[in-house]
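Undergrad: A structural model of the following input is requested.
(chains A and B)
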2 protein chains.
Amino acid sequence: MADLIARLRSGLPAAAVITDPDITTSYAHDMASFSDAGTPAVVVLPRTTEQVQHVLRTATELRVPVVPQGARTGLSGAANASEGCVVLSLTKMDRILEIDPVDRIAVVEPGVVNAVLSRAVAEQGLYYPPDPSSWEMCTIGGNIGTGAGGLCCVKYGVTAEYVLGLEVVLADGRLLTTGRRTAKGVAGYDLTRLFVGSEGTLGVVVKAVLALRPAPPQQLALVAEFPSAAAAGAAVCSIMASGHVPSLLELMDGTTVRAVNAMARMGLPETTEALLLAAFDSPDPTAELTALGELCLAAGATEVVPAQDAAESELLLQARRLALTALEKVSTATMIDDVCVPRSRLGDMLEGVAAVAAKYDLTIGVCAHAGDGNTHPVVCFDAHDPDESRRARESFDEIMALGLALGGTITGEHGVGLLKKEWLARELGPTGIELQRQVKAVFDPLGLLNPGKLF
Amino acid sequence: MADLIARLRSGLPAAAVITDPDITTSYAHDMASFSDAGTPAVVVLPRTTEQVQHVLRTATELRVPVVPQGARTGLSGAANASEGCVVLSLTKMDRILEIDPVDRIAVVEPGVVNAVLSRAVAEQGLYYPPDPSSWEMCTIGGNIGTGAGGLCCVKYGVTAEYVLGLEVVLADGRLLTTGRRTAKGVAGYDLTRLFVGSEGTLGVVVKAVLALRPAPPQQLALVAEFPSAAAAGAAVCSIMASGHVPSLLELMDGTTVRAVNAMARMGLPETTEALLLAAFDSPDPTAELTALGELCLAAGATEVVPAQDAAESELLLQARRLALTALEKVSTATMIDDVCVPRSRLGDMLEGVAAVAAKYDLTIGVCAHAGDGNTHPVVCFDAHDPDESRRARESFDEIMALGLALGGTITGEHGVGLLKKEWLARELGPTGIELQRQVKAVFDPLGLLNPGKLF
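TA: All right, here's what the predicted structure looks like:
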């Protein structure tokens, strides 16, 4: 270990190599529940590609595992330290290198915070859509590692669709350039997309070329109250089948609504069983909102309330953004799931989660990117109660089983990490897992990059 | 070989195994120039996944190469037969299995013709955007294999963005399921995208889950005449920098315009040096078209002519769609290139191609997906003249070098195949190529799938 530290220091500034255990242990965890972490041997904070290469060459020579990290806002344990690892934090590589309104691209280092990039491109009339809930803290590198989503996805898609090209330091320290800065390109296998969502197991992203869009008009929202989750699910189906392209289509179940009210006194309707939040960012959204409201009423909505203006729309959005924090106050701990089902099965999924909550006698609030069928059932439990903790973990698993049975996936946008690695095999099957492992071995033959994650 | 045929017949209907050399040789080539093809040992036309598995198991046992084929409309030789290979034509697996307007997906077999799918989904108010020029003939499987694009891409992106999940028969006959039918999903490495654009070298797609969109309104177009390619390039930059999202932004240079007129008497302006064709498919495109026309005039357009209605817009589009066929009549042979540059460099690319044409004393017409920076320089030459043929090949290569020098890629949408394999190494570099080869070896360790293509 002394050798490791000395070698790391030979290619890094003194301040970039942290060995003080009080500090290094603070890098051990991301925000996942029920995910073990080891104690890092050292935390390094490189500022250049060459420094990252030095770290990985050193780790390879000494056969020390490396755990790449962004802001550690992940929810699956993918950024948790392994015992004795080098934690490679990319947070100091945080420069926006280029924003080009003609080519509609940004070139960034991995440590750029999502919101910082979003604001920088907005100043030039551009838009970087991916907007995970943690967008004020999370980094682009972390977003790429997890394949992050957000509220925008129903219209604008996920992080993967905005990553055109990458520079990646491989486990052995070589630098690989993938993809392009052009709008199109099919030269060879799409290794760029292979790195997106690979959770730091294939290489370390040190630069990204991101696609941007022109900034859309500010969105206008409405909120619709439903007497049952099934009715809200039916409304989502009818909205999508009618060809609408909302910029937002979110759902909060009754538990979530009441939790948000309890925390923030938002004045959301307490008696509703499901609240649907829809918005359009088209030049003239009023007609579309009216049509969508009518579809909600036809599906059984008891009330439809359009926002008066963009400011009121933003307030509604804030209520949705508070959902997780509010549910965290229901008990001493939460586990947030991330099951995505075909949107036609959203109603079944919501009813199934309610049945799981009843079976395990737990509070499970659901907020969902309804337009994508991407549900976030949040299991609330008392972490000091071993039996309740066990039931929480079991219900969490049962929710994934339900998602798979409905033709869905165990993770829509949070990733696999440690939390869902047993479940990945169930989703992909033996052939799929075998090939994934073999692909991993191509990029990281010694298995040093984020070992034990994914599978 | 007798053993190969007998074994193939043991798991395929008699009509699905063709050995008549008059027929099998007709399967030897796709539509690429300058690309050698071997003589197939046999052509098989399976109708089921099990039959495809039988073919691949047999080929693996006997160590015979397999070349998967769609409609053979490809332009890079990727579907050309290898000597003594099994040609595996997927054209009989042509069923549309499902179209779901709520989930906005189609599930198809690989042999479905692009236009057949496009029309089938249109009947349900849906839209499958990818529209390569060969859309009336080419298959979805071929589109996936090459990562096909088209005119739609400037607004709607390429084939890759519409492939959610796949069923793939691997070289050894195992069946792999990748991806999902949900709107989102990040469970494990994105193997789906790895197969898109892999040109039949990693596995044989037997089923695809495709994303659909709501059908947009019919587009309304305008045409703008420019006195120089550089001015047209500047207009494209100014249009994109102004935040416009045209559904079409195409360019034809003077050579192409005159070739189209000569063939089809379209009445396009003969004296123009570059024609820009733009369209919007928004609910009210007139204001956008007007604004775009003004940007064209500011960039130096000598005339801007808006289409009167959708029918006239469609006529303009037809002129663009005729470009390749028209250029093919300029001499006895053509080579179509497919270099994509950052759109900010489009003007430089067009001027560079003109310089290449002058240097080699050849006619090179350029049509381009201008909004994507994706140019198709078409080298016209007399195939019976060895010196002109040599100059054609050299100019074709010089155009790729120019594209790379401008920060572009050797192929925006046609693929690498045989035609550009030496150039792939120049674009990707030694580390990139090495990793691509290793990825190939994971899926096809014996190297039987479309050998000799890509690299």
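Undergrad: Next to chain B, which bits of the stretch 151-300 of chain A? Give me the list.
TA: A:153-154, A:157-158, A:160-161, A:170, A:174-178, A:180-191, A:193-194, A:196-198, A:202, A:213-215, A:237, A:240-241, A:243-245 (Cβ under 8 Å from any Cβ of the partner chain). Just so you know, the C-beta spots here come from the backbone N, C-alpha and C atoms, and that holds for glycine as well.
Undergrad: can you rerun that using 6 Å?
TA: Selection of the stretch 151-300 of chain A residues close to chain B by Cβ under 6 Å from any Cβ of the partner chain yields A:158, A:174, A:176, A:180-190, A:193-194, A:197-198, A:214, A:237, A:240-241, A:243.
Undergrad: Then the stretch 1-150 of chain A?
TA: Counting by Cβ under 6 Å from any Cβ, the residues of the stretch 1-150 of chain A near chain B are A:101, A:102, A:103, A:125, A:147, A:149.
Undergrad: doesn't residue B:239 make contact with the first one?
TA: What it means is residue A:101. No - using Cβ atoms under 6 Å, residue A:101 is not in contact with residue B:239; the gap is 11.4 Å.
Undergrad: With neighbour numbers in mind, choose between the two.
TA: The neighbour count for residue A:101 versus residue B:239, taken as other Cβ atoms under 10 Å in any protein chain shown, is higher for residue B:239 (24 against 18).
Undergrad: burial count for residue A:446?
TA: Neighbourhood size, residue A:446 [other Cβ under 10 Å]: 13.
Undergrad: what are the phi and psi angles of it?
TA: phi -90, psi 0 (degrees, to the nearest 10).
Undergrad: In helices, which of the residues of the stretch 151-300 of chain A next to chain B appear?
TA: A:193, A:194, A:237, A:240, A:241 (DSSP state H).
Undergrad: Look up how far residue B:188 lies from the second one.
TA: Distance from residue A:194 to residue B:188, counting by Cβ to Cβ, to the nearest Å: 11 Å.
Undergrad: When those two are compared, which one has more neighbours?
TA: residue B:188 (28 against 24).
Undergrad: correct me, but that one touches residue A:437?
TA: No - using Cβ under 6 Å, residue B:188 is not in contact with residue A:437; the gap is 10.2 Å.
Undergrad: In the stretch 1-150 of chain A, which residue sits nearest chain B?
TA: Proximity of the stretch 1-150 of chain A to chain B (Cβ to the nearest Cβ) peaks at residue A:147, 3.8 Å away.
Undergrad: which stretches of the stretch 1-150 of chain A form strands?
TA: Ranges of strands in the stretch 1-150 of chain A, per DSSP state E, counting those that start in this stretch, are A:17-18, A:42-44, A:66-69, A:86-89, A:96-100, A:105-108, A:126-127.
Undergrad: for the stretch 301-450 of chain A, same thing?
TA: Under DSSP E, counting those that start in this stretch, the stretch 301-450 of chain A gives strands at A:303-306, A:333-336, A:339-340, A:363-369, A:374-381.
Undergrad: circling back to that earlier point, looking at the ones in helices among the residues of the stretch 151-300 of chain A next to chain B, spot the one nearest chain B.
TA: Among those, residue A:193 lies closest to chain B (Cβ to the nearest Cβ), at 3.8 Å.
Undergrad: Any idea how many residues pack against that closest one?
TA: 24.
Undergrad: Contact partners for it?
TA: For residue A:193, the contact set (Cβ atoms under 6 Å, 6 or more residues apart in numbering or on different chains) comprises B:190, B:193.
Undergrad: how far away is it from residue B:439?
TA: Taking Cβ to Cβ, one finds residue A:193 at 12 Å from residue B:439.
Undergrad: Please name the residues that touch the closest residue to residue A:89 other than its chain neighbours.
TA: Nearest non-adjacent residue to residue A:89, counting by Cβ to Cβ, 6 or more residues apart in numbering or on different chains: residue A:69, 4.8 Å away. Going by Cβ under 6 Å, 6+ apart, residue A:69 touches A:79, A:87, A:89.
Undergrad: List the contacts of residue A:208.
TA: Here residue A:208 is in contact with A:108, A:166 (criterion: Cβ under 6 Å, 6+ apart).
Undergrad: could I have the helix or strand where it lies exported to PDB, CA atoms only?
TA: Using DSSP states H and E, residue A:208 maps to strand A:204-211. The C-alpha coordinates for strand A:204-211 follow below in PDB (Å, rounded to 0.1, in the frame of the first residue of the first chain):
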ATOM      1  CA  VAL A 204     -13.000   5.800 -17.300                       C
ATOM      2  CA  VAL A 205     -14.600   8.500 -19.400                       C
ATOM      3  CA  VAL A 206     -12.300  11.600 -19.500                       C
ATOM      4  CA  LYS A 207     -14.100  13.600 -22.200                       C
ATOM      5  CA  ALA A 208     -17.500  13.500 -23.900                       C
ATOM      6  CA  VAL A 209     -19.000  15.000 -27.000                       C
ATOM      7  CA  LEU A 210     -22.700  15.600 -26.200                       C
ATOM      8  CA  ALA A 211     -25.500  16.400 -28.600                       C
END
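Undergrad: picking that back up, of the residues of the stretch 1-150 of chain A next to chain B, grab the buried ones for PyMOL.
TA: Command for PyMOL, covering only those of the residues of the stretch 1-150 of chain A next to chain B found buried under the criterion 16 or more other Cβ atoms under 10 Å in any protein chain shown:
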select buried, chain A and resi 101+102+103+147+149
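Undergrad: between the residues of the stretch 1-150 of chain A next to chain B, which is closest to residue B:405?
TA: Distance ranking of the residues of the stretch 1-150 of chain A next to chain B against residue B:405, using Cβ to Cβ, places residue A:103 first at 16.4 Å.
Undergrad: From residue A:159, how far off is the closest one?
TA: Residue A:103 is 19 Å from residue A:159, by Cβ to Cβ.
Undergrad: Then residue A:352?
TA: Distance from residue A:352 to residue A:159, by Cβ to Cβ: 28 Å.
Undergrad: for residue A:364, same thing?
TA: Look at residue A:364 and residue A:159: by Cβ to Cβ, they are 27 Å apart.
Undergrad: ok, now residue A:243?
TA: With Cβ to Cβ as the criterion, residue A:243 and residue A:159 are 26 Å apart.
Undergrad: So those two - more neighbours on which side?
TA: Ranked by neighbour count (other Cβ under 10 Å), residue A:243 and residue A:159 place residue A:159 first, with 29 against 16.
Undergrad: Looking at the more buried one now. What's its pLDDT?
TA: You'll see residue A:159 listed with a pLDDT of 98.
Undergrad: same question, residue A:336
TA: So, for residue A:336, pLDDT stands at 95.
Undergrad: Does it touch residue A:378 like I think?
TA: Yes - using Cβ under 6 Å, residue A:336 is in contact with residue A:378, at 5.0 Å.
Undergrad: In terms of neighbours, single out the busier of the two.
TA: Taking other Cβ under 10 Å, residue A:336 and residue A:378 do not tie; residue A:378 has more neighbours (26 against 22).
Undergrad: Skipping adjacent residues, who's closest to that one in space?
TA: Nearest non-adjacent residue to residue A:378, counting by Cβ to Cβ, 6+ apart: residue A:327, 4.4 Å away.
Undergrad: Neighbours of that neighbour, how many?
TA: Based on other Cβ under 10 Å, the number of other residues close to residue A:327 is 27.
Undergrad: residues in contact with it?
TA: Counted by Cβ under 6 Å, 6+ apart, residue A:327 has contacts A:259, A:334, A:365, A:378.
Undergrad: how far away is the third one from chain B?
TA: What that stands for is residue A:365. In this structure, residue A:365 and chain B are 20 Å apart, going by Cβ to the nearest Cβ, to the nearest Å.
Undergrad: Mind listing the residues bridging to that residue?
TA: Assessed by DSSP bridges, residue A:365 has beta-bridge partners residue A:378.
Undergrad: where's it relative to residue B:252, distance?
TA: 57 Å.
Undergrad: for the last one, same thing?
TA: Between residue A:378 and residue B:252 the distance, using Cβ to Cβ, works out to 56 Å.
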